[in-house]
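A.B. asks: Sequence unavailable; structure follows:
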Ligand code: HEM
C-alpha cells in the first residue's frame, strides 16, 4: 500500500488549472477564483490563495478483493497529457452516515448504491484520486479529484448524475462541483 500523500488544493490567481465553474450542489458553495493549484507533500502553499482545502490519500475502506482486482486492471494514473479536464468535488456526509458501522456503510455504498460497479463503467476514461479530510477538521470529509479528456466530459457528467441519485447521496449534506481545464 502506497504511503499517504498530503495534498492541498488552493484556489486563487495562480495554478495549472483554470477554474471554469464552481457549482454548489448541496449546501454552501465556495467563493469564486480563477485558478487552482494542487500541492502535494511538502510543497509550500502560496500566500494569495482565496481558499484552501486539505486532504490526504489513504488506505481503502470499502473495496473488496474482487473489486480491487477489477479497478487496478483498468484504472489510469493522474497527469495523462490528453486529460485536460478535471473535477474537484468536495463532499461532506451527515452525522447519520458517521453513526453507521463500517459494514452498514459498505451496505449503502455498494450493495444499495453500486458506487464501485457504476464507477467502473467510466474507467479507464476517468482517472481518480480520493482524499480524506474529515480527520483534519476540514469543512469537507472528502476531496474527490477526477481527470478526463474533453471528449469524455459528457460521460463524466452522466456518472455524477447517476451517483447523485443513489441512497449513498442521501447522506451527503454538502457538495460543491468544481470544473477545471488546463
Ligand atoms: C470515476 C469512477 C469512480 C470510481 C471507479 C469510484 C470508485 C470508488 C471507490 C472504489 C471508493 C471506495 C474507496 C474505499 O474503499 O475507501 C470510492 C469512494 C468515494 N467516491 Fe467514488 N468512484 C468514482 C467516481 C466518483 C464520483 C464522480 C464521485 C463524486 C461525485 C465520487 C465520490 C466518492 C466519495 C465521496 C467516496 C468516499 C466515500 C466514503 O468513504 O464514504 N466517486 N469511490
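C.D. replies: Looks like it came in fine. Predicted model, so just to flag it, every value in this text is computed and none were measured.
A.B. asks: remind me, longest helix of the chain?
C.D. replies: Using DSSP state H, we find that the single longest helix of the chain is helix 153-164.
A.B. asks: Give me the contacts around that one.
C.D. replies: Defining contact as CB atoms under 8 Å, 6 or more residues apart in numbering, one finds that helix 153-164 is touched by 25, 85, 87, 89, 113, 115, 118-119, 121-122, 125-126, 146, 148, 169, 177. In this view, the C-beta of every residue, glycine as well, is placed from N, C-alpha and C.
A.B. asks: could you redo the last one with a cut-off of 6 Å?
C.D. replies: In this structure, residues lying in contact with helix 153-164 by CB atoms under 6 Å, 6 or more residues apart in numbering are 85, 118, 122, 126, 148.
A.B. asks: Tell me what the residue nearest to the fourth one when sequence neighbours are not counted is bridged to.
C.D. replies: This means residue 126. Distance criterion CB to CB, 6 or more residues apart in numbering; nearest residue to residue 126, sequence neighbours excluded, is residue 148 at 4.8 Å. Counting by DSSP bridges, residue 148 forms beta bridges with residue 85.
A.B. asks: surely residue 148 meets residue 124?
C.D. replies: No. Here residue 148 does not reach residue 124: they are 9.8 Å apart, not a contact under CB atoms under 6 Å.
A.B. asks: okay, those two: which has more neighbours?
C.D. replies: residue 148 (24 against 12; other CB atoms under 10 Å).
A.B. asks: Please list all residues in contact with residue 39.
C.D. replies: Under the criterion of CB under 6 Å, 6+ apart, the neighbours of residue 39 are residue 8.
A.B. asks: so how far is residue 52 from it?
C.D. replies: According to CB to CB, to the nearest Å, residue 39 and residue 52 sit 9 Å apart.
A.B. asks: Name the residues contacting each of the two.
C.D. replies: Common contacts of residue 39 and residue 52 (CB under 6 Å, 6+ apart): residue 8.
A.B. asks: What's opposite the residue nearest the centre of the chain in the beta bridge?
C.D. replies: Geometric centre of the chain, nearest residue: residue 144, 0.8 Å, by CA atoms, centre = their mean. Beta-bridge pairing for residue 144 (DSSP bridges): residue 89, residue 130.
A.B. asks: Return the residues of this structure in contact with the ligand.
C.D. replies: For the chain, the contact set with the ligand under CB under 6 Å from any ligand atom comprises 60-63, 89, 91, 93, 115-116, 119-120, 122-123, 126, 128, 130, 142, 144, 146, 159-160, 163.
A.B. asks: tell me the phi and psi of the closest residue to the ligand within the chain?
C.D. replies: The nearest approach of the chain to the ligand comes at residue 119, 2.4 Å away (CB to the nearest ligand atom). Phi and psi for residue 119, reported as degrees, to the nearest 10, are phi -60, psi -40.
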